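Student: Please find the sequence and the predicted model below.
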Amino acid sequence: YSGKTGNQLLGEHLRKLSVKEYKSVPVVCQEETSVYDAICTMFLEDVGTLFVVREGGILTGVVSRKDLLKSSMGTRDLSSIPVGVIMTRMPNIVSCELDESLLEAASKLIRNQVDALPVVKDAESGDGVEVVGRITKTTITKAFVELGGGEAV
Ligand code: ADP
């Protein structure tokens with residue numbers, strides 16, 4: 001008998017879950033994408049956060065549902081506003097890496113009060129980071145259900 005409590009064992013198990021294993025496909029747009037088109041992409045792709053990239057998939061920003069709602073208030077022509085002027089911009093983006101634990105990513109979501117984190121790796125050009133995935137509150141909820149032996153849809 002190892003003498004470990006149930007909680008210690010659960011904690012050890014939890015810390016082994018990695019971002020790499022659980023990440024989903026990132027949904028991206030460009031800074032030039034209009035607020036109108038960004039809203040369409042959110043509906044079509046069924047996501048709540050878009051990552052904004054430039055050539056090579058280099059991360060430049062993040063745009064959330066509320067960013068789009070806010071910019072929609074008092075503006076008639078949503079197709080004339082580019083996402084680049086309303087997004088949260090680098091270096092103020094909280095992200096995670098492939099070999100990070102899912103637990104660490106979950107605490108970043110909570111600490112920073114955001115719904116999604118881009119999964120990034122250093123760009124081959126050495127200039128910026130490339131978006132390779134997405135971790136959201138749904139990712140964490142799925143992992144939680146799975147750990148409980150429930151059905152992850
Ligand atoms: P919503 O605004 O739809 O509730 P969030 O809570 O995720 O969605 O976003 C809150 C604010 O934080 C938005 O202005 C958004 O641009 C920004 N944001 C979202 N994700 C991140 C992130 N990973 N890093 C930094 N800022 C983020």
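Tutor: All right, it came through fine.
Student: Outside of the worst-scoring helix or strand of the chain on mean pLDDT itself, which residues are in contact with it?
Tutor: Every helix and strand in the chain was compared by mean pLDDT, DSSP states H and E; the lowest is helix 6-16, with a mean of 88. The set of residues that contact helix 6-16 without belonging to it, under CB atoms under 8 Å, 6 or more residues apart in numbering, is K4, S101, L102, L103, L147. (Each C-beta comes from the backbone N, C-alpha and C, glycine too.)
Student: do the same with stretch 68-77
Tutor: The contact list for stretch 68-77 (CB under 8 Å, 6+ apart) reads V35, A38, I39, M42, L78, I81, I86.
Student: From those residues, which land in helices?
Tutor: When DSSP state H is applied, the contacts of stretch 68-77 are split such that V35, A38, I39, M42 fall in helices.
Student: Tell me which two in those are the farthest apart.
Tutor: Taking CB to CB as the measure, the ones in helices among the contacts of stretch 68-77 reach their widest spread between V35 and M42, a distance of 10.7 Å.
Student: higher neighbour count, the two?
Tutor: More neighbours surround V35 than the other of V35 and M42, with 24 against 19 (other CB atoms under 10 Å).
Student: before we move on, the earlier item: any of the contacts of stretch 68-77 buried? List them.
Tutor: Judged by neighbour count, with 16 or more other CB atoms under 10 Å as the criterion, the buried members of the contacts of stretch 68-77 are V35, A38, I39, M42, I81, I86.
Student: surely the fifth one meets E32?
Tutor: Same thing as I81. No: checked against CB atoms under 8 Å, the pair I81 and E32 is beyond contact range at 10.9 Å.
Student: picking up where we left off before, next SSE downstream of the least confident helix or strand of the chain?
Tutor: Using DSSP states H and E, the helix or strand that follows helix 6-16 towards the C-terminus is helix 19-22.
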